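# only the shape, not the letters, is given here:
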């Protein structure tokens with residue numbers, strides 16, 4: 001999940017928004033999902049690995065990410081688009097499954113991988129340099145599939161894909 005600073009000023013409809021959020025809380029058992037899915041490929045020394053990823057492009061989607069999910073199947077994930085390329089920090093607040101966070105440069109090359117992140121932790125996980133995107137997949141997948149820094153990620157959001 002993305003940890004960012006967002007400043008919002010409450011408007012006169014704040015009570016209505018709070019009521020809607022409370023009503024949506026009744027559906028808390030249902031996992032929140034990003035607006036769209038797309039295929040994503042990672043080219044490694046072992047071959048090509050294909051994922052179906054939810055796209056997190058809005059601030060709300062990036063802030064919520066995979067929070068409250070009780071599971072994340074193999075081959076699924078979430079891609080956070082932080083265009084333009086920038087330093088980012090992620091965290092695991094309200095995230096019940098361990099994730100591998102794959103930090104990806106604008107050219108589609110993997111900069112760094114944070115493996116098996118700690119569920120429910122508020123410890124910040126920094127990108128370690130400017131990145132265009134972060135891919136979250138189930139913890140342990142990167143090692144199991146041989147995904148490493150320098151590997152290329154193919155997705156329409158990356159130049160030269």
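Received it, and whenever you're ready, just let me know what you need. Predicted model only: the values in this text are computed from it and were never measured. Numbering: from 1, shown residues only.

# okay, strands next: where are they in this structure?
36-44, 47-56, 76-86, 89-90, 99-104, 110-114, 125-126, 131-138, 152-154 (DSSP state E).

# any idea which of those is most buried?
Burial of the strands of the chain is given as mean neighbour count (mean count of other C-beta atoms under 10 Å); strand 99-104 ranks first at a mean of 27. For the C-beta atoms, the positions are set from N, CA and C on the backbone; glycine is no exception.

# so how far is residue 85 from residue 119?
Using C-beta to C-beta, to the nearest Å, one gets 28 Å for the distance from residue 119 to residue 85.

# returning to that earlier point: I'd like the strands of the chain as CSV, with mean pLDDT and distance to residue 70 appended.
CSV is the format used below for the strands of the chain (pLDDT from 0 to 100; distance: least, C-beta to C-beta, whole Å):
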stretch, mean pLDDT, distance to residue 70
strand 36-44, 92, 19
strand 47-56, 96, 16
strand 76-86, 96, 13
strand 89-90, 97, 19
strand 99-104, 98, 13
strand 110-114, 98, 21
strand 125-126, 98, 21
strand 131-138, 98, 12
strand 152-154, 97, 27
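
# quick one: these as JSON lines, columns for distance to residue 145 too.
Output for these, formatted as JSON lines (distance: least, C-beta to C-beta, whole Å):
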{"stretch": "strand 36-44", "distance to residue 145": "7"}
{"stretch": "strand 47-56", "distance to residue 145": "5"}
{"stretch": "strand 76-86", "distance to residue 145": "12"}
{"stretch": "strand 89-90", "distance to residue 145": "20"}
{"stretch": "strand 99-104", "distance to residue 145": "10"}
{"stretch": "strand 110-114", "distance to residue 145": "11"}
{"stretch": "strand 125-126", "distance to residue 145": "20"}
{"stretch": "strand 131-138", "distance to residue 145": "9"}
{"stretch": "strand 152-154", "distance to residue 145": "13"}
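
# so which of those strands gets nearest residue 146?
Ranking those by their distance to residue 146 (criterion: C-beta to C-beta) puts strand 36-44 first, at 5.0 Å.

# in its sheet, what does the closest one sit against?
Sheet pairing of strand 36-44 (DSSP bridges) gives strand 47-56 (antiparallel), strand 152-154 (antiparallel).

# got the angle for that strand vs strand 131-138?
In terms of direction (axes from the mean of the first three to the mean of the last three C-alpha atoms, to 10 degrees), strand 36-44 departs from strand 131-138 by 90 degrees.

# what's next to strand 36-44, contact-wise?
48-55, 77, 79, 102, 110, 135, 145-148, 151-156 (C-beta atoms under 8 Å, 6 or more residues apart in numbering).
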